Structures are given as structure tokens and as C-alpha cells.
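Novice: can't give you the sequence, but here's the structure:
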């Protein structure tokens, strides 16, 4: 994958992470269920060493960073991850 493709993928993944983190705090309150989902998903992806960034050819200095970001992404649910993977296939 060329550098431009990687930049586009990072932008898409970055936006997805930010949008997911925004739902943790809404209406002046923290959403405990969302925090719990984030925690569980981050634990699973870290212990399983699952890293969507590595799959698309983007590596971090510390591999755990990609694993944690992957956990944040999968906490959005299967539909969101499926849509994201379909988008990445096109790149």
C-alpha cells in the first residue's frame, strides 16, 4: 500500500475512534455501559494481539497501541466493524 493509501486509512480509522470515544460522555454524564464495553474490547484485542492497523500495513512503535485502538474500534459493534473492513478492502 502506498503512503497516500495509509494516510487515508489512518484518517478513517482516527475518525472512527474519535466518534466512538465521544459516546462515552454525553449529556454531561459518563456512560458506564460504553466505558465497560471499551474496557472489555480493549482487553480482548490486547490479549489476543489483534491489530487492524497491522493487517493494513501500518505499524506502531509500540504494538499495544494498535491493539488498543482496535479494541476501541470493535467496541462500536459488528456492523460498524464490517462497514470499516469493507471500506479498507477498497483501498
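Specialist: Good, I have the coordinates. These numbers were taken from a predicted model, which means no experiment stands behind them.

Novice: for the strand or helix carrying residue 82, what is the average pLDDT?
Specialist: Using DSSP states H and E, residue 82 sits in helix 78-90. Averaging pLDDT along helix 78-90 yields 76.

Novice: what's next to it, contact-wise?
Specialist: The contact list for helix 78-90, computed with CB atoms under 8 Å, 6 or more residues apart in numbering, reads 9, 12, 13, 16, 52, 56, 73, 74. Glycine gets a C-beta too; all of them are placed from N, C-alpha and C.

Novice: Pretty sure residue 57 sits against residue 6.
Specialist: Yes - if you go by CB atoms under 8 Å, residue 57 and residue 6 touch, sitting 6.8 Å apart.

Novice: and the two? which has more neighbours close in?
Specialist: More neighbours surround residue 6 than the other of residue 57 and residue 6, with 15 against 11 (other CB atoms under 10 Å).

Novice: Was I right to think the more buried one contacts residue 14?
Specialist: No - if you go by CB under 8 Å, residue 6 and residue 14 don't touch, sitting 12.0 Å apart.

Novice: rewinding a little: among the contacts of helix 78-90, which one lies nearest to residue 27?
Specialist: residue 16 (22.0 Å; CB to CB).

Novice: Just give me the neighbour total for that closest one.
Specialist: The burial count for residue 16: 19, using other CB under 10 Å.

Novice: Check for me that residue 50 belongs to a strand.
Specialist: No - secondary structure assignment (DSSP: H, G, I helix; E, B strand; the rest coil) places residue 50 in coil, not in a strand.
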